[in-house]
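Engineer: Sequence first, then the predicted structure:
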Amino acid sequence: MEKDLSKYRKSYEKGALLLSEVPENPLELFQKWFHEVDAFFIEDETNAMTVSTIGLDGYPKNRVVLLKKYTYEGFIFYTNYNSEKGKAIAMNSNVCLSFFWHGAERQIIIKGKAEKIAENLSDGYFESRPRGSQIGALVSNQSEVIENRDVLENKLKTLEIEFEGKEIDRPKHWGGYLVRPVEIEFWQGRPNRLHDRIRYKLQDDYHWKIDRLAP
């Protein structure tokens, strides 16, 4: 199998990112970009992000999850703590998050450290989820090998009967992670592949050092 992709071309011309115009705190620029993409590029699932971890086998692995909250502390997402990503984070909390918003021709890459959020915060979010998603968290032993899909469907039916008319408590193996950023890079596509790249690096005094990078 072979396919030559060398003729695929796109000129990026939808914006610019000037060092003279960026705020001192990268979370402010993240919020600005997020709101702009959410408002004007509805074809993008704005909160979809790639989470990269170093697996137990030593290989990096990426997967797309949904960002559920961001604050000045960092970025929060939820998952099964016993999943492949959960086990990887337990071994090595260094992770990378990335957003690619093709409509706006923008990308953000975030290096940081992941930590579990407080249990009451995970409880609160779990309670807000649709009932089907709550049961789904009980059904799936995420990342484990299963014989076929029927295993999931049958377990779902069993749990729907078991919890009919009852509240569903958050399973202890499911909850949130906060990723505290130590480096955030903003990428804006530009013509002739001379893209804008602005990098923020957190310093020992908790101020951010801002640099422009060559594309």
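Structural biologist: Nice, thanks for sending it over.
Engineer: CA only for contacts and neighbour counts going forward, please
Structural biologist: Will do.
Engineer: so how far is D169 from the spatially most central residue of the chain?
Structural biologist: By C-alpha atoms, centre = their mean, the chain has its centre lying nearest to M49, at 3.6 Å. Separation of M49 from D169 (C-alpha to C-alpha, to the nearest Å): 27 Å.
Engineer: Also K116?
Structural biologist: Taken as C-alpha to C-alpha, the span from K116 to D169 is 18 Å.
Engineer: Look at these two and report which has more neighbours.
Structural biologist: Taking neighbours as other C-alpha atoms under 10 Å, K116 and D169 compare with K116 leading, 18 against 12.
Engineer: Show the contacting residues for the residue lying closest to that one once chain neighbours are set aside.
Structural biologist: The spatially closest residue to K116, leaving aside those adjacent along the chain, is Y177, at 4.4 Å (C-alpha to C-alpha, 6 or more residues apart in numbering). The neighbours of Y177, taking C-alpha atoms under 8 Å, 6 or more residues apart in numbering as the test, are 75-79, 114-117.
Engineer: if you set the cut-off to 7 Å instead, what comes out?
Structural biologist: 76-78, 114-117 (C-alpha atoms under 7 Å, 6 or more residues apart in numbering).
Engineer: which of the residues you listed tops the neighbour count?
Structural biologist: Counting neighbours by other C-alpha under 10 Å, A114 leads the contacts of Y177 with 25 neighbours.
Engineer: Was I right to think that residue contacts R180?
Structural biologist: Yes: the pair A114 / R180 is scored as a contact, 6.4 Å apart, by C-alpha atoms under 7 Å.
Engineer: Just give me the longest strand of the protein.
Structural biologist: strand 174-188 (DSSP state E).
Engineer: and that one, which strands flank it?
Structural biologist: Counting by DSSP bridges, the strands paired with strand 174-188 are strand 75-80 (antiparallel), strand 106-116 (antiparallel), strand 196-202 (antiparallel).
Engineer: Can I get these in JSON lines including distance to D44 and mean pLDDT?
Structural biologist: Output for those, formatted as JSON lines (distance: least, C-alpha to C-alpha, whole Å; pLDDT from 0 to 100):
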{"stretch": "strand 75-80", "distance to D44": "18", "mean pLDDT": "97"}
{"stretch": "strand 106-116", "distance to D44": "11", "mean pLDDT": "98"}
{"stretch": "strand 196-202", "distance to D44": "21", "mean pLDDT": "98"}
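Engineer: do you know which of those strands lies nearest K157?
Structural biologist: Among the strands paired with strand 174-188, the nearest to K157 by C-alpha to C-alpha is strand 75-80 (20.7 Å).
Engineer: Would you mind putting the CA coordinates of the closest one into PDB?
Structural biologist: The C-alpha atoms that make up strand 75-80 are tabulated as PDB, following Å, rounded to 0.1, in the frame of the first residue of the first chain:
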ATOM      1  CA  PHE A  75      -6.900  22.200  32.800                       C
ATOM      2  CA  ILE A  76      -9.400  19.500  34.100                       C
ATOM      3  CA  PHE A  77     -10.600  16.300  32.400                       C
ATOM      4  CA  TYR A  78     -12.200  13.100  33.600                       C
ATOM      5  CA  THR A  79     -11.400   9.500  33.000                       C
ATOM      6  CA  ASN A  80     -11.200   6.000  34.500                       C
END
